[in-house]
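Peer 1: sequence below, structure please.
(chains A and B, ligands or ions: 2)
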Amino acid sequence: MTTHEVHLKARLIGGVLVVQEFAFLCARAVAGLAYIPRHIRETILQIDRIGVGSLFIVVLTGMFTGMVLALQGAVQLEPYGATIYVSRLISTSVVRELGPVLAALMIAGRVGSGIASELASMQVTEQIDALRAEGTDPIQKLVTTRLVACVLMIPVLTIITNGVAIFGGWLIARLYLGIDSYFYWTWAFEALAPRDMFVGLVKPAVFGFLIAMVGCYAGLNTKGGTVGVGISTTQSMVSSSILILSCDFFLTKLFMAFP
Amino acid sequence: MITLTDVWLTLGERQVLKEISLSVPAGETKVILGGSGSGKTTILRVILGLYRPDRGSLLIDGQDITATRERNLTEVRQRMAMVFQGAALFDSLTVRENVGYRLWEQGRLSDAMIEKSVRDSLQFVGLEYAIDKMPAELSGGMKKRVGIARALASGARIILYDEPTAGLDPINTCMISRLIQLLKSKGVTQVVVTHDLATAYRVADRIVMIHKGRMIFEGNPKELQSSADPDIRSFLEPDGQCFDSEAFAASEIGEP
Ligand SMILES: Nc1ncnc2c1ncn2[C@@H]1O[C@H](COP(=O)(O)OP(=O)(O)OP(=O)(O)O)[C@@H](O)[C@H]1O
Ligand SMILES: [Mg+2]
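Peer 2: Ligands and ions are numbered 1, 2, ... in the order given. Here you go, the predicted structure:
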């Protein structure tokens, strides 16, 4: 084999190993659910930090997304004289795609990288080993609690994002487009099928899982002092964003296959 | 009782431990001496089950835990306590919560009893006044002492110390060695890693010396002092090597 082939092979094996380790960590974190009552305080703390702490950014995200959709949507609908249906466009695109994806990306930036850097500094200062030495399973205490908090709170945050976005759209519709409020809200909800709501909740739960697990994996596998902390944080941010975007595509495709 | 038999360990690409066989009978205080990077910390981590040896076996109180799975190690680990080289305090918790961590998690004692145990342990290291502080507000030596208090409060019968006196002033160093002697008189099994000879002689029942991952000596303090092994001599009397060093002879540091 040439050196190129050797390098390629080493990278491929490395990649497979990462996937295997990641799956193994996920399995252990899920198995840790049985011990959640023991770590209930930590779980509540994480729910507060992840959920309540992210409120502000998801409200802003939702607001501006809804407002810009109303402006752009009106431009597109105008030639057909269908501007009054702008709320249909906003509510479906927000609930199905934009709300879950944008909220998840924002939360990956704030929460995912926060988890990664926190666990990474605990790793390099031997605190993870100290936990093990005290007889605490760090996966149950640190990973499972964050996983629960993310899977519970990201759907909630997404609902808030969606609500705020439709509200932001209404502001623009009311103030600039002169659309009747009653008309706006009726069409906003009329356009949504129960199935959209369901998909709109499954997606953020999956994204929550990804954000928590990627952040924890990156943090726990930190090597090499403070430089390593930075690398892990960046890595978790990049990987979880890409995973969110690609999973969104595959989930959408999957749900379309089951009408 | 701790028994390591023919333990070998590789970390990354490095063979860090080679052929380590040592036994610490119950109630004994064993000091591990050795230069920086010789593998002392690694031995303690093997004893705690944080690293799994490539070869060889590890027995704690006669129980073979070499192949025990991580989740079944909890019970064994709770018989031990470790003072980490860098203290490794949980920085999201206060000093009180750090010291009482294990007792809280076990949940066997009442709150008042835990509080008393935490205060007693802190008093031993002279830090009762810092009980409500966060680790970030402490100096390096204070963190170290809180780490020692955490090990004390756990009530473990086996205590592992990684450089307990490094970075402490002479009075605190003396206090820590007295503390180790006191625990010895109470029958606690102790392993003390250090490169401070004064502390070593003061507390050791037996001394092990590690050089480049291998044991080069095992015996009592007297035997160590009378050893003729060149590696041991240069550790005990570093002056010769330090002054004769070619690097210094050839160096131009500080010349105008
Ligand atoms: N995680 C690791 N990966 C690779 N090599 C390591 C790792 N940890 C330690 N080593 C290497 O193992 C050797 C022994 O390390 P160890 O920490 O046990 O030394 P030590 O005797 O405690 O030194 P010191 O007195 O400086 O604390 C060192 O040469 C170190 O480079
Ligand atoms: Mg060390």
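
Peer 1: so who does B:L224 touch?
Peer 2: B:33, B:207, B:209, B:217, B:232, B:236 (CB atoms under 8 Å, 6 or more residues apart in numbering or on different chains). Placement of C-beta: from N, CA and C, glycine included.

Peer 1: in three-state terms, label the fifth one for me.
Peer 2: Pointing back at B:I232 there. At B:I232 the chain is in helix, as set by DSSP: H, G, I helix; E, B strand; the rest coil.

Peer 1: and residue 19, what element?
Peer 2: If you meant another chain, say so; for now it's chain A. helix A:3-31 (DSSP states H and E).

Peer 1: hmm, I had chain B in mind actually
Peer 2: Going by DSSP H and E, B:E19 is part of strand B:14-24.

Peer 1: and the contacts of the helix or strand following that strand?
Peer 2: The helix or strand immediately downstream of strand B:14-24 is strand B:29-34, counting by DSSP H and E. Strand B:29-34 is contacted by residues B:22, B:24, B:40, B:43-44, B:180, B:184, B:189-195, B:197, B:199-200, B:203-211, B:224, B:235 when judged by CB under 8 Å, 6+ apart.

Peer 1: just checking: what are the partner strands of strand B:29-34?
Peer 2: strand B:189-193 (parallel), strand B:206-211 (parallel) (DSSP bridges).

Peer 1: wait, which of the ones you listed is closest to B:T10?
Peer 2: Closest to B:T10 of the strands paired with strand B:29-34 is strand B:206-211 (CB to CB; 16.2 Å).

Peer 1: near ligand 1, anything from that closest one?
Peer 2: No. Using CB under 6 Å from any ligand atom, strand B:206-211 stays clear of ligand 1, coming no nearer than 6.8 Å.

Peer 1: ditto for stretch B:128-145
Peer 2: No. Judged by CB under 6 Å from any ligand atom, stretch B:128-145 makes no contact with ligand 1; its nearest approach is 13.5 Å.

Peer 1: chain center to the helix holding A:V19: distance?
Peer 2: In this view, helix A:3-31 has its centroid 23 Å away from the chain centroid, taken as CA atoms, centre = their mean, to the nearest Å.

Peer 1: okay, residue 10: pLDDT?
Peer 2: No chain was given, so I picked chain A. If you check A:A10, the pLDDT there is 80.

Peer 1: that's the other chain; I wanted chain B
Peer 2: On the pLDDT scale, B:T10 gets 94.

Peer 1: can you count the residues close to the closest residue to it other than its chain neighbours?
Peer 2: Once flanking residues are discounted, B:T10 sits nearest to B:D54: 5.7 Å by CB to CB, 6 or more residues apart in numbering or on different chains. Residues lying near B:D54 (other CB atoms under 10 Å in any protein chain shown) number 11.

Peer 1: test my guess that A:G215 contacts A:I115.
Peer 2: Yes. In terms of CB atoms under 8 Å, A:G215 counts as a neighbour of A:I115; the distance is 3.4 Å.

Peer 1: now for those two: what residues contact both?
Peer 2: Joint contacts of A:G215 and A:I115 (CB under 8 Å, 6+ apart) are A:146, A:236.

Peer 1: residue contacts, B:Q15?
Peer 2: B:Q15 touches B:8-9, B:213, counting by CB under 8 Å, 6+ apart.

Peer 1: now for A:G114: which residues touch it?
Peer 2: Counted by CB under 8 Å, 6+ apart, A:G114 has contacts A:G215.

Peer 1: export the helix or strand it falls within to PDB, keeping only CA atoms.
Peer 2: Assigned by DSSP H and E, A:G114 belongs to helix A:113-124. In PDB, the C-alpha atoms belonging to helix A:113-124 read as follows (Å, rounded to 0.1, in the frame of the first residue of the first chain):
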ATOM      1  CA  SER A 113     -21.000  24.000  23.100                       C
ATOM      2  CA  GLY A 114     -21.600  24.900  26.800                       C
ATOM      3  CA  ILE A 115     -22.000  21.200  27.700                       C
ATOM      4  CA  ALA A 116     -18.800  20.300  25.700                       C
ATOM      5  CA  SER A 117     -16.700  23.000  27.300                       C
ATOM      6  CA  GLU A 118     -17.900  22.200  30.800                       C
ATOM      7  CA  LEU A 119     -17.300  18.500  30.500                       C
ATOM      8  CA  ALA A 120     -14.000  19.100  28.700                       C
ATOM      9  CA  SER A 121     -12.700  21.300  31.600                       C
ATOM     10  CA  MET A 122     -13.800  18.700  34.100                       C
ATOM     11  CA  GLN A 123     -12.000  16.100  32.000                       C
ATOM     12  CA  VAL A 124      -8.700  18.000  31.900                       C
END
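
Peer 1: quick one: that helix to chain centroid distance?
Peer 2: Taking mean C-alpha positions (CA atoms, centre = their mean), helix A:113-124 and its chain are 18 Å apart.

Peer 1: put the buried members of the contacts of strand B:29-34 into a PyMOL selection.
Peer 2: In PyMOL, a selection of the buried entries from the contacts of strand B:29-34 looks like this (16 or more other CB atoms under 10 Å in any protein chain shown):
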select buried, chain B and resi 22+24+40+43+44+180+184+189+190+191+192+193+194+195+197+199+200+203+204+206+207+208+209+210+211+224+235
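
Peer 1: many thanks, we can stop here.
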